[in-house]
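Peer 1: take this sequence and fold it.
(one chain, ligands or ions: 1)
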Amino acid sequence: VRHWRGLTMPKVDVGPIIVPFFISHRGCPHQCVFCDQRTIAGSDGSFPSAHEIQEKIARYSAARPGSSVVAAFYGGSFTCLSRQDQLRLLKPLQPLLAVGKVASIRLSTRPDAIDSDVLTLLRSMGVQTVELGVQAMDDDILIDAGRGHTVNDVVRAADVLRDYGFSFGVQLMPGLPGDDRIRSLRSLSRALALRPAFLRIYPTIVLAGTPLAEHFMAGAYQPLTLQAAVTLCKIMLHRCLQANVPIIRMGLQPTADLDNAGVVLAGPYHPAFRQLVESELCYDLVVALLGDGKRTCESVTITCSPSRIADVVGQRRANSERLLREHGVRLAAVRADARLNTLELNVAGPAKERRGTILKDLHYA
Ligand code: SF4
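Peer 2: Presented below is the predicted three-dimensional model:
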């Protein structure tokens, strides 16, 4: 899988074309406290027809001829749909798979909606990747979130997915009711122990019309602040980099629906959330490389991979201003050097120069 924007990957690597189909809340018998699939997916809840599926794939393929194509069913819980509905969505892809116009299929579902029968069907239809909506590896948090499944369900689903040769990913939601920094990080290490191919991390936000919105309005729930979510996700990203497991998305994808007034009631929603996180990792590495010592307006020049310049400077020059404010360091220049990888920085001050990497020179408790 090479289609994410992330610290380990050069941003020029655009990877396969993902053609998304949102099946919305269909098929899901639950109501998790945070979930408004209709708003998140930007969908009206109806299934795409066979013609719409094939036409959308042709349209996306035409935009980037020669790239491989992955059909992806997101939203809802695909394997909670009736067998007939699953086939209705997967069958139009079969002729495209047969001639190589679609390379593979991926979908998302609940851990307790995975078993041998389901996976036999999915495998026969060319599905290769399953994303598990896990949210937390903590039974108390899962109960409070109304998830309707347990940590054991996740472990069992991961085992059977592996046995059947599927690649699988895990979605986590730090900041749910009852969650805190320690529990979030424990959930992450339990998730990593399942050896997923990738993760998605969505800090919890409060959407209008959800049970969580009622808790929030009643003062019974407080979401993470944006800064707390960035700090927590920074540590999560660092741990995933160390475990060599990519996080293919951090923070909800901005959509027109989400950006409508009154849809996001509270929580750490930011259209460029991931950049805030990566930018703070870069900031921490700069500080680590500067080392201890008191400074008064000392000038430094930072050299980084060409794709990292914006992250080093920070959104609206946030890192640059913070370096001056907190460490008395003036960022004189940020230079690109293609010989550096995306995890490396070189910090040159008047007296010394140090090169380091996010993996070796950053440590979080
Ligand atoms: S299982 Fe998924 S689709 Fe169903 S309510 Fe929960 S988050 Fe929404």
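Peer 1: now do the contacts for Leu119.
Peer 2: Leu119 makes contact with 160-161, 164, 166, according to C-beta atoms under 8 Å, 6 or more residues apart in numbering. Just so you know, the C-beta spots here come from the backbone N, C-alpha and C atoms, and that holds for glycine as well.
Peer 1: what about the closest residue to Gln135 other than its chain neighbours, distance to Ala197?
Peer 2: Distances taken as C-beta to C-beta, 6 or more residues apart in numbering put Met173 closest to Gln135, at 4.3 Å, once the chain neighbours are dropped. From Met173 across to Ala197, the span is 19 Å (C-beta to C-beta, to the nearest Å).
Peer 1: before we move on, back to that, just checking, the residue nearest to Gln135 touches Ala136?
Peer 2: Yes: assessed by C-beta atoms under 8 Å, Met173 is found in contact with Ala136 at 6.7 Å.
Peer 1: okay, those two: which has more neighbours?
Peer 2: It is Ala136, of Met173 and Ala136, that has more neighbours when counted by other C-beta atoms under 10 Å, with 28 against 23.
Peer 1: quick one, what contacts that one?
Peer 2: Each residue near Ala136 by C-beta under 8 Å, 6+ apart is listed here: 142, 145, 172-173, 176, 179, 183-184, 187.
Peer 1: measure the residue in the stretch 201-350 of the chain positioned nearest to the ligand to Ser320 for me?
Peer 2: Closest contact between the stretch 201-350 of the chain and the ligand, by C-beta to the nearest ligand atom, is at Thr210 (9.3 Å). Separation of Thr210 from Ser320 (C-beta to C-beta) stands at 38 Å.
Peer 1: again with Ser187
Peer 2: 34 Å.
Peer 1: those two: who's more crowded?
Peer 2: Neighbour count, other C-beta under 10 Å: between Ser187 and Ser320, Ser187 has more, with 25 against 19.
Peer 1: surely that one is in a helix?
Peer 2: Yes: counting by DSSP: H, G, I helix; E, B strand; the rest coil, one finds Ser187 located in a helix.
Peer 1: skipping adjacent residues, who's closest to it in space?
Peer 2: Nearest to Ser187 is Met137, by C-beta to C-beta, 6+ apart, at 4.1 Å.
Peer 1: what residues of stretch 123-137 count as buried?
Peer 2: 125-137 (16 or more other C-beta atoms under 10 Å).
Peer 1: and the furthest pair within these?
Peer 2: Maximum pairwise distance among the buried residues of stretch 123-137 (C-beta to C-beta): 31.2 Å, between Gly126 and Ala136.
Peer 1: give me the residues contacting the strand or helix carrying Ala228.
Peer 2: According to DSSP states H and E, Ala228 maps onto helix 226-243. Outside helix 226-243, the residues within contact range by C-beta under 8 Å, 6+ apart are 7-8, 172, 174-175, 181, 184-185, 188-189, 192, 199, 201, 203, 224, 246-247, 250-251, 267-268, 270, 273, 276-278, 280-281, 284, 343, 358-359, 362, 364.
Peer 1: for the record, mean pLDDT for that helix?
Peer 2: Averaging pLDDT along helix 226-243 gives 98.
Peer 1: can you classify Ala72 as helix, strand or coil?
Peer 2: Following three-state DSSP, Ala72 is assigned to strand.
Peer 1: hmm, I typed the wrong one, I wanted Pro350.
Peer 2: Here Pro350 is coil, with the state taken from three-state DSSP.
Peer 1: and the one residue sitting closest to the centre of the chain, what element?
Peer 2: In the chain, the residue lying closest to the centroid (C-alpha atoms, centre = their mean) is Arg249, at 2.3 Å. For Arg249, the enclosing helix or strand under DSSP H and E is strand 247-250.
Peer 1: with Arg354 instead?
Peer 2: Counting by DSSP H and E, Arg354 is found in strand 353-357.
Peer 1: up against the ligand, what does the stretch 1-150 of the chain have?
Peer 2: Applying C-beta under 6 Å from any ligand atom, we find that the stretch 1-150 of the chain lies next to the ligand at 25, 28, 30-32, 35, 37, 76-77, 110, 133.
Peer 1: what do you get if the cut-off is 8 Å, keeping everything else the same?
Peer 2: Residues of the stretch 1-150 of the chain lying near the ligand by C-beta under 8 Å from any ligand atom: 25, 27-32, 34-37, 75-77, 80, 110, 133, 135, 146-148.
Peer 1: can you pull the contacts of the residue nearest to the centre of the chain?
Peer 2: 4, 200-202, 274.
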